[in-house]
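Visitor: would you be able to build a 3D model of this:
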Amino acid sequence: MSRRDRKFNSEALKKEINVGAMIDQYLRKNKIAKSAIARVMKRDPSTLASFLKRPSIQVAVLWEFSNAVYYNFFADLAAKIPAHWPPHTNTSADKDTEIAALKAEIEKLKTEKELLLAVLKK
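Guide: Sure, this is the predicted structure:
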């Protein structure tokens with residue numbers, strides 16, 4: 001299946017993952033007053049209420065909620081990602097780090113070799 005053939009169904013996703021409801025459920029379960037969260041987030045209570053009614057919110061707002069209640073909502077979202085989706089790894093940065101370490105080791109070994117050769121010549 002080509003990338004163009006895949007259709008993204010945002011309505012189905014909204015039914016499956018409702019971020020506002022997820023946060024609201026956490027607040028209710030842990031008996032956290034929405035007014036207290038609004039004060040911590042320095043938001044108007046009506047703004048907070050509107051966030052909780054939305055199926056999706058901006059990452060920065062989710063970050064604010066996470067910080068306000070000391071809970072990782074991102075982990076809850078990550079848990080909903082299908083297991084067969086591979087994680088993204090930054091192999092380029094990993095390879096660059098490994099190359100730099102190997103170059104440093106080569107230089108160290110060259111120095112040791114020169115020292116051993118000098119000792120053997122005496």
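Visitor: export the host helix or strand of T47 as PDB, just CAs?
Guide: In this structure, T47 sits in helix 45-53 according to DSSP states H and E. Extracted in PDB, the C-alpha atoms of helix 45-53 (Å, rounded to 0.1, in the frame of the first residue of the first chain):
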ATOM      1  CA  PRO A  45     -11.600  28.400  34.700                       C
ATOM      2  CA  SER A  46     -13.800  28.700  31.600                       C
ATOM      3  CA  THR A  47     -10.700  28.300  29.400                       C
ATOM      4  CA  LEU A  48      -9.800  25.200  31.400                       C
ATOM      5  CA  ALA A  49     -13.300  23.900  31.000                       C
ATOM      6  CA  SER A  50     -13.200  24.400  27.200                       C
ATOM      7  CA  PHE A  51      -9.900  22.400  27.100                       C
ATOM      8  CA  LEU A  52     -11.500  19.500  28.800                       C
ATOM      9  CA  LYS A  53     -14.400  19.500  26.300                       C
END
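Visitor: against which helices or strands is it packed?
Guide: If you count contacts as 3 or more CB pairs under 8 Å, 6 or more residues apart in numbering; DSSP states H and E, helix 45-53 packs onto helix 19-29, helix 34-41. C-beta here means a position set from N, CA and C on the backbone, and glycine is covered the same way.
Visitor: now those helices in JSON lines, with mean pLDDT and distance to L109?
Guide: Converted to JSON lines, those look like this (pLDDT from 0 to 100; distance: least, CB to CB, whole Å):
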{"stretch": "helix 19-29", "mean pLDDT": "95", "distance to L109": "53"}
{"stretch": "helix 34-41", "mean pLDDT": "94", "distance to L109": "55"}
